[in-house]
Structure formats: C-alpha cells, structure tokens
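# Output the structure for:
(one chain, ligands or ions: 4)
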Amino acid sequence: MKNHLSIFIFLSILGINIFGSLQRSVVVALPLYTSSRWIVDDEGKRVKLACVNWPSHLETMVAEGLSKQPVDVISKKIISMGFNCVRFTWPLFLATNDSLGLITVKQSFQSLGLSESISGIKVNNPSLLDLPVIQAYQVVVKNLGDNNVMVILDNHISKPGWCCSNYDDNGFFGDKYFDPNLWIKGLTRMATMFNGTSNVVAMSLRNELRGSKQNTNDWYRYMQKGAEAVHSANPNVLVILSGLNYDKDFGFLATKPLNLTFTGKLAFELHWYAFSDGKAWENGNANQVCGSIVSNIMRRGGFLLDQGWPVIMTEWGIDQRGTNVNDNRYLNCIMGVAAELDLDWALWTLTGSYYLREGVMGMDETYGVLDWNWCGIRNSSFIEKISALQTPFQGMQMQNACSIS
Ligand SMILES: *[C@@H]1O[C@H](CO)[C@@H](O)[C@H](O)[C@H]1NC(C)=O
Ligand SMILES: *[C@@H]1O[C@H](CO)[C@@H](O)[C@H](O)[C@H]1NC(C)=O
Ligand SMILES: *[C@@H]1O[C@H](CO)[C@@H](O)[C@H](O)[C@H]1NC(C)=O
Ligand SMILES: *[C@@H]1O[C@H](CO)[C@@H](O)[C@H](O)[C@H]1NC(C)=O
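Ligands and ions are numbered 1, 2, ... in the order given. Here you go, the predicted structure:
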C-alpha cells in the first residue's frame, strides 16, 4: 500500500496523467446503485464519481456564472475538464418558500442590486431572465443531462447565502433556519421534481451539519426520516448523508448503524480541506502531518468503506494560485489518499467568480477551476494533476489488487 501511495504522489507532483482521457463522455447506464463500498451503474459496473461543485445556493439562488457564459458552454467546459458529474447546491427555501422560488431570475438580481449581472444574463442566457429561479435551476440540471453530466442535488443551507459558520443559524436541526419538518418537505419537493430526470443520480441531504445544537440522537432521528422521504419520493437517487462537525465526523456510526427500509442506495460524504487543520501543514513536517491527519480521517469516517459503504469526498480543493503552502502540502497528501482508496469525490469548486458573495460583488474564487470570466481554466497544471483521479483505478472485484503494475 505504502509503495503505490508514494508512486501516485510522485506522479501527481510531476503532473503525469496515467489514466486520463479514458473515461471522457462515457454514457453511464442509470440509475446508480451501491454495491458494498462502490457506486455501480444499472448493469453492475463501477461508476467513479469525479464531480465538481457548482454553487447555486447564494442569495440570488441562481447557478453562478450564467452572466458570464451560456449554460451549455459551461456544461461542455465541465466535461472537457474531465469531470463526469456536478454537485449542484440549492438552498432549502428555494423549494419551500414560494415567494422565493417563484420570483424570476431578473427580480432576484434586481432585489440585490446586481444590474451588471442582469445585463450579462441578458447576453449569455437570455431565455432564463424571466423564468422563476426554481425553473432556472431545472434548466441547468437539464442542460447538464444533455451533456451527459450526472448531478448530485446538494441541500447546502436553508437561507440563501454563503455557507458555513457555527453561528449562521443554519447549522443543525432546531436552529432558527433549520426546521426539520420544513427540511423534509423541501427534500420531498426536490426529490419529486426530479423523479424521472435520469441524470439526477443522487441527493445529498444536508451540507456540513455543525454548531452548538449538534447531537447524535437528532442525527439518527432526522437523517433516517429525510432518507426515507427522499427514497419514497424518488427511488432512483442515491441518498448521501453528511456527518457532524462540518461533515468530518461519522465516528458514532461505528457502534450504532442506521436503520433504513431500503438497501443499495446509501452513501456518506466527507469534507476535507487544508484549513480543516489550521496551519498544521505549513507548520509541521508534511509527511507526519499527512500520516496523523489521514489516520484521524479514517477513524472518523474512512472506516465506513471497510464496513461496506461508499464514502464520497464531496468537498476538497486548494487555492489554485499555488501560493498557499498549507494548501500545496495538503494537496499531495489528499491526492495520494484519494488514489489509494480510489475515492469518489467532488472538487470545490467550478466557480470562477460569484455574482455576490459575503457582500462582495463579482468576488473572485481562488479555489475555482474556471477563471474570473468563466472563460478559461484558472490553472491548467492543477487540472492536469487532478485528472489522474478522474478515472477508476480499481474495479469492484479488484479491490485488493495492485492497481499500478
Ligand atoms: C419567504 O421568504 C420571504 C423573503 O425572504 C420572507 O419574507 C418570508 O417570511 C418567507 N416565508 C416563510 C413562510 O418562511
Ligand atoms: C417516480 O418515478 C417512478 C418511475 O421512475 C414512478 O414509478 C414513481 O411512481 C414515481 N414516484 C413518485 C412519488 O412520483
Ligand atoms: C428499525 O425501524 C423499524 C421501523 O422502520 C422498526 O420496526 C425496527 O424496530 C427498527 N430496528 C431497530 C434495530 O431500531
Ligand atoms: C498554477 O499552480 C502552480 C503550482 O501549483 C503555480 O506554480 C502556478 O503559478 C499557478 N499558475 C497560475 C496561473 O496561478
């Protein structure tokens, strides 16, 4: 194990793409299922999710970037960068509050004073301007489907806006903006809306649970309810559950499993950034830090793979300017781990720039694969590096085989 881990790290440092371009634009037999720790297609063949996050949960409730490029151009860029899937975020209130979901794209931007973005949408996606925001969301999902991009619908937050903090009142069941019953209602609506939309392959029920109200009793209680609600409204989607403490902790599942009525459709998601561990990478010895953080991650969530569940690394990423030492060292470590475990994953993020983030108009996203204009690739050497992770190394039957030689 150690040997091929370091070979992967070595190859990724050199930016060598050993398996890339094999899986481009492969059409998958949908729906997806799980088979032990693997995600498989309708024919039982392994499908590796190599996704990128596409935010649509900020104040506008509209997929970012549509003022910069036509939706079809963005979908094609996603494919051309080697991703086969998008984790497409949505705020709960989009689905539960008609006075939000039914305002038009234009009204939404107008109410936020984003007139420049309106002009951009008029040029790049004119047919979206007068659609209700919930329909604009559907148009993006449909266009991704037309381009053979699979979609994970991710309930990212309740109240539209940048996520996440311990104090944003969106963190856990019972918080001001996180009524469990309303959440179930919103999940049911989205699951129903996309029942029959075959490229919607999964729903992640809630991003990064957190804050002072977190507890495992409520986790079991509401996650089971949410999972059952989604499954009965849309039996085709995989149900993806997030852990506690910003999606870093499933330790409690080691001793008490979930109790669900359905099988073959459940997966878990983990998040892992360099800043999850402060400046540990910058301050310590990178090998030692990698070792201790990875053993921590395995203990808190990676162990679920051995218990026969898919674990998807649905958020990870780095500042692509290459100037953040903490991020750079972490990247070598996470790439080695993702290769060794042959993980399914979703990179943070597609975004070149946001319409409005944390009060700043047109904020640049240094973790985004596209540049500020959503035109070019922000850093092609980064895309080249991660392309090594975009294709499967292992089949299901080969999980103990050496994947390199
Ligand atoms: C729906 O959203 C609007 C606008 O933010 C808000 O004023 C209203 O209270 C919300 N309604 C419900 C039922 O939450
Ligand atoms: C969802 O779609 C399936 C067909 O794929 C259909 O059999 C089922 O009745 C639908 N479920 C709901 C709740 O609409
Ligand atoms: C699992 O849930 C079912 C109801 O859905 C219940 O009848 C059963 O007792 C539960 N089992 C455990 C071990 O909690
Ligand atoms: C891309 O990343 C590399 C290394 O991570 C860095 O050296 C380079 O300056 C970056 N390029 C741009 C355009 O940011």
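# Quick one: residues contacting M193.
Contacts for M193 (C-beta atoms under 8 Å, 6 or more residues apart in numbering) come out as 95, 138. For the C-beta atoms, the positions are set from N, CA and C on the backbone; glycine is no exception.
# Can you tell me how far it is from ligand 4?
39 Å (C-beta to the nearest ligand atom, to the nearest Å).
# and what of S127?
In terms of C-beta to the nearest ligand atom, S127 sits 34 Å off from ligand 4.
# In space, what's closest to that residue - neighbours in sequence excluded?
Closest residue in space to S127, ignoring its immediate chain neighbours: V139 at 7.9 Å, by C-beta to C-beta, 6 or more residues apart in numbering.
# roughly how far apart are that neighbour and ligand 2?
21 Å.
# going forward can the numbers begin at 335, since that is how I track them
With the count now opening at 335, the last piece we talked about shows up as V473.
# Pretty sure that residue sits against V467.
No. Here V473 does not reach V467: they are 10.5 Å apart, not a contact under C-beta atoms under 8 Å.
# which one of the two has more residues nearby?
Just comparing V473 and V467: by other C-beta atoms under 10 Å the higher neighbour count belongs to V467, 26 against 17.
# Leaving out the residues flanking it, which one is nearest to that one?
V467 sits nearest to M395 (C-beta to C-beta, 6+ apart), 4.5 Å away.
# and what of W679?
W679 sits nearest to M647 (C-beta to C-beta, 6+ apart), 4.1 Å away.
# After the helix or strand containing the one you found, which helix or strand is next?
Using DSSP states H and E, M647 maps to strand 645-649. Later in the chain than strand 645-649, the nearest helix or strand by DSSP H and E is helix 659-674.
# Just the buried positions in that next one, please.
660-674 (16 or more other C-beta atoms under 10 Å).
# just stretch 598-613 next, same as before
Buried-residue list, stretch 598-613, by 16+ other C-beta under 10 Å: 599-608, 610-611.
# Can you flag which of those residues belong to helices?
Taking DSSP state H as the definition of helices, the buried residues of stretch 598-613 contribute nothing to them.
# Out of these, flag the one nearest to ligand 2.
K599 (13.6 Å; C-beta to the nearest ligand atom).
# From what I see, that closest one and I574 are in contact.
No. In this structure, K599 is not within contact of I574 by C-beta under 8 Å, at 9.7 Å.
# hey, where'd the helices end up in the stretch 385-534 of the chain?
For the stretch 385-534 of the chain, the helices defined by DSSP state H, counting those that start in this stretch occupy 405-414, 426-430, 432-435, 439-445, 449-458, 467-480, 514-527.
# Please render the ones you listed as CSV that adds mean pLDDT to the earlier fields.
Below are these laid out as CSV (pLDDT from 0 to 100):
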stretch, mean pLDDT
helix 405-414, 98
helix 426-430, 98
helix 432-435, 94
helix 439-445, 98
helix 449-458, 98
helix 467-480, 98
helix 514-527, 98
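# hey, which of those helices is tucked in deepest?
Per residue and on average, the most neighbours among the helices of the stretch 385-534 of the chain fall to helix 426-430, with a mean of 23 (mean count of other C-beta atoms under 10 Å).
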